[in-house]
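Visitor: no sequence on this one, just coordinates:
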């Protein structure tokens with residue numbers, strides 16, 4: 001029985017390829033991701049570009065004495081299997097057999113026994129380079145789009161290199177550019193004008209109470225859960241509010257960077273509506289809510305101006321004629337029963353008013369809703385909740 005050439009060279013053919021000692025220790029990622037490294041952003045960027053060039057030449061498929069470059073062989077083997085660092089790696093015996101069967105070592109017969117050890121080490125080294133080269137290519141692809149910005153970014157002080165690159169990658173994949181700003185999103189989606197037109201479509205007998213209800217809802221967005229638990233980050237709507245009040249126009253990428261705990265943290269699932277475990281979704285939702293918060297701030301100015309005009313007119317009217325007493329409906333059931341009845345009628349298209357309009361109606365005309373906030377009434381009306389059978393109202397009786 002013939003002895004395996006690797007065993008003749010002193011190798012155990014059942015050893016995983018990643019356990020083979022290589023001739024070089026290429027510690028690429030420690031250099032880039034070490035949080036205590038004094039390396040500047042510019043040095044890290046130069047390192048990515050320079051190191052990628054060096055490794056590209058190293059894995060070049062040149063031949064010497066009829067034998068292919070073993071580092072290139074190992075790299076090609078890993079590439080054909082899309083190897084990742086966390087993969088369960090094959091043994092050196094399996095790799096050798098596959099390479100021979102695939103014809104990737106045509107000059108193997110010419111290889112002397114005393115050269116096999118370094119040959120195998122180079123194959124293992126090339127194999128280990130594949131995931132590193134892929135990461136460097138990914139880094140370069142992202143940095144090509146924002147090299148100057150990245151070099152001067154202050155985010156490196158609180159975001160790791162790899163996470164920063166990942167955030168930029170998502171940002172570009174979503175169709176954003178490095179120069180996009182918050183007002184670009186507000187203007188592109190015509191948010192301020194849409195809010196005004198949406199309000200003007202509302203028909204209600206008490207426009208004053210409708211305005212107050214809308215202001216209450218907007219301020220609820222700004223005030224609810226202002227800060228992420230155990231952190232300094234304000235909720236996105238409130239951030240948009242502050243940006244508008246300060247007349248700022250920050251870059252979207254800066255907002256994504258400073259809010260990276262919101263983008264990547266699972267804590268936001270129990271803090272802000274619209275967020276989940278997916279960073280892609282969270283960046284979109286973050287920008288959406290900040291831009292809406294910005295537009296809401298301008299909408300408040302519009303609403304307060306209308307409210308001021310209405311208040312002035314009512315003041316003049318009260319001076320000329322006494323206001324008639326309003327008789328309120330006295331409801332003896334539970335509030336959720338009336339919510340249920342109105343929601344049922346609205347779902348059957350028997351009521352055309354919006355929930356916002358109905359909330360004003362209930363607070364103004366039904367005694368039990370006198371001290372209930374308009375935002376709470378609106379929320380409960382829109383809530384698709386079925387009553388227990390014992391509490392349902394049969395309108396056919």
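Guide: Received, thanks. Bear in mind the structure is a predicted one, so any value in this text is a computation, not a measurement.
Visitor: quick one: least confident helix or strand in the chain?
Guide: strand 63-64 (a mean of 60; mean pLDDT, DSSP states H and E).
Visitor: my read: residue 256 touches residue 171, true?
Guide: Yes. The criterion here is C-beta atoms under 8 Å, and residue 256 meets it with residue 171 at 5.9 Å. Glycine gets a C-beta too; all of them are placed from N, C-alpha and C.
Visitor: which residues are common contacts for the two?
Guide: residue 283 (C-beta atoms under 8 Å, 6 or more residues apart in numbering).
Visitor: may I see the buried residues of stretch 177-189?
Guide: 178, 180, 181, 182, 184, 185, 186 (16 or more other C-beta atoms under 10 Å).
Visitor: show me what contacts the fourth one?
Guide: It refers to residue 182. Neighbour list for residue 182: 240, 243, 249, 250, 252, 255, 287, 290, 291, 294 [criterion: C-beta under 8 Å, 6+ apart].
Visitor: roughly how far apart are it and residue 379?
Guide: Residue 182 is 28 Å from residue 379, where distance means C-beta to C-beta, to the nearest Å.
Visitor: the first one now?
Guide: Counting by C-beta to C-beta, the gap from residue 178 to residue 379 is 39 Å.
Visitor: residue 193 too?
Guide: Applying C-beta to C-beta to residue 193 and residue 379 gives a distance of 26 Å.
Visitor: in the stretch 51-200 of the chain, which spans are helices?
Guide: Using DSSP state H, counting those that start in this stretch, the helices found in the stretch 51-200 of the chain span residues 70-80, 92-101, 116-152, 161-173, 182-188, 191-200.
Visitor: which of the residues in the very next helix or strand once past the last one are buried?
Guide: Right, helix 191-200. Using DSSP states H and E, the helix or strand that follows helix 191-200 in sequence is helix 207-223. Applying a neighbour-count criterion of 16+ other C-beta under 10 Å, one finds 209, 210, 211, 212, 213, 214, 215, 217, 218, 220, 221, 222 buried in helix 207-223.
Visitor: my guess is the fifth one contacts residue 378, does it?
Guide: Pointing back at residue 213 there. Yes. The pair residue 213 / residue 378 is scored as a contact, 6.9 Å apart, by C-beta under 8 Å.
Visitor: overlap in contacts, those two.
Guide: 356, 359.
Visitor: residue 76 reaches residue 60, doesn't it?
Guide: No. At 11.2 Å, residue 76 does not count as touching residue 60 under the criterion of C-beta under 8 Å.
Visitor: of those two, who's got more company?
Guide: Neighbours per residue, other C-beta atoms under 10 Å: of residue 76 and residue 60, the larger number sits with residue 76, 21 against 11.
Visitor: give me the pLDDT value at the more buried one.
Guide: Looking at residue 76, its pLDDT stands at 83.
Visitor: do the one 4 residues further on as well
Guide: The confidence metric pLDDT takes the value 79 at residue 80.
Visitor: any idea how far it is from residue 90?
Guide: Look at residue 80 and residue 90: by C-beta to C-beta, they are 12 Å apart.
Visitor: compare those two (neighbour count), which wins?
Guide: Taking neighbours as other C-beta under 10 Å, residue 80 and residue 90 compare with residue 90 leading, 18 against 12.
Visitor: list the contacts for that one?
Guide: Neighbour list for residue 90: 16, 17, 98 [criterion: C-beta under 8 Å, 6+ apart].
Visitor: in a markdown table: these, plus distance to residue 342 and pLDDT.
Guide: Conversion of these to a markdown table gives the following (distance: C-beta to C-beta, whole Å; pLDDT from 0 to 100):
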| residue | distance to residue 342 | pLDDT |
| --- | --- | --- |
| 16 | 68 | 80 |
| 17 | 69 | 78 |
| 98 | 71 | 75 |
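Visitor: pLDDT weak spots in the stretch 101-250 of the chain?
Guide: 101-114, 224-233 (pLDDT under 70).
Visitor: outside of the helix or strand hosting residue 357, which residues touch it?
Guide: Counting by DSSP H and E, the element that carries residue 357 is helix 355-365. Contacts to helix 355-365, defined as C-beta under 8 Å, 6+ apart, come from residues 202-206, 209-210, 213-214, 217, 326, 328-329, 338, 342, 346, 351, 353, 369-370, 372, 374-375, 377-378, 381-382.
Visitor: out of the helices of the stretch 51-200 of the chain, flag the one nearest residue 48.
Guide: Closest of the helices of the stretch 51-200 of the chain to residue 48 is helix 116-152, at 4.7 Å (criterion: C-beta to C-beta).
Visitor: could you list the buried residues of that closest one?
Guide: Residues 116, 119-136, 139-140, 142-143, 146-147, 149-151 are the ones in helix 116-152 that count as buried (16+ other C-beta under 10 Å).
Visitor: now do stretch 291-304
Guide: Under the neighbour-count rule (16+ other C-beta under 10 Å), stretch 291-304 has 291, 292, 293, 294, 295, 296, 297, 298, 299, 300, 303 buried.
Visitor: out of everything not next to it in sequence, what's closest to the fifth one?
Guide: With C-beta to C-beta, 6 or more residues apart in numbering as the measure, residue 191 is the residue that lies nearest to residue 295, at 3.7 Å, once sequence neighbours are left out.
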